[in-house]
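Asker: Structure of the sequence below:
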Amino acid sequence: MNLKKKEAEEFLTRRSRLHEILIALIKQQKDLELMDDNVQVFENPINYSEKYDPSKIVERNQRIIKKYQSLVRSAIALDALLESEDYDISDGKIA
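Answerer: Predicted structure coming up:
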């Protein structure tokens, strides 16, 4: 029972550390875009323009998702490096 509790605590600690690293990486981004749904395009196709081209919206959202995935992979890699070096990053500082 004690082993499971310790594993659960380690998982929560690692997850928390990953979140801290990811937030730090996000804060470093200058122009981090958010996904856009542009529902009005599909509701009113008469006002069609290139700005509201559904394929452009999908391409843009895919690009944004790839950026976020890259940030998450970077956070995981940094966390693994910190863990291998046995660093403590409490309070956002490497000790």
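
Asker: Could you tell me how many residues sit around E7?
Answerer: By the other C-beta atoms under 10 Å criterion, the neighbourhood of E7 contains 10 residues. C-betas here are computed from N, CA, C, even on glycine.

Asker: next one: K56
Answerer: 13.

Asker: what's the distance between it and R63?
Answerer: Computed as C-beta to C-beta, to the nearest Å, the K56 to R63 distance reads 11 Å.

Asker: can you check E20 too?
Answerer: E20 sits 26 Å away from R63, going by C-beta to C-beta.

Asker: If you count surrounding residues, which of those two has more?
Answerer: Higher neighbour count among E20 and R63: E20, with 16 against 11, using other C-beta under 10 Å.

Asker: what about the helices in this protein?
Answerer: 2-28, 39-43, 54-85 (DSSP state H).

Asker: Mind putting those into a markdown table with mean pLDDT?
Answerer: As requested, the helices of the chain are exported to a markdown table (pLDDT from 0 to 100):
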| stretch | mean pLDDT |
| --- | --- |
| helix 2-28 | 89 |
| helix 39-43 | 53 |
| helix 54-85 | 91 |
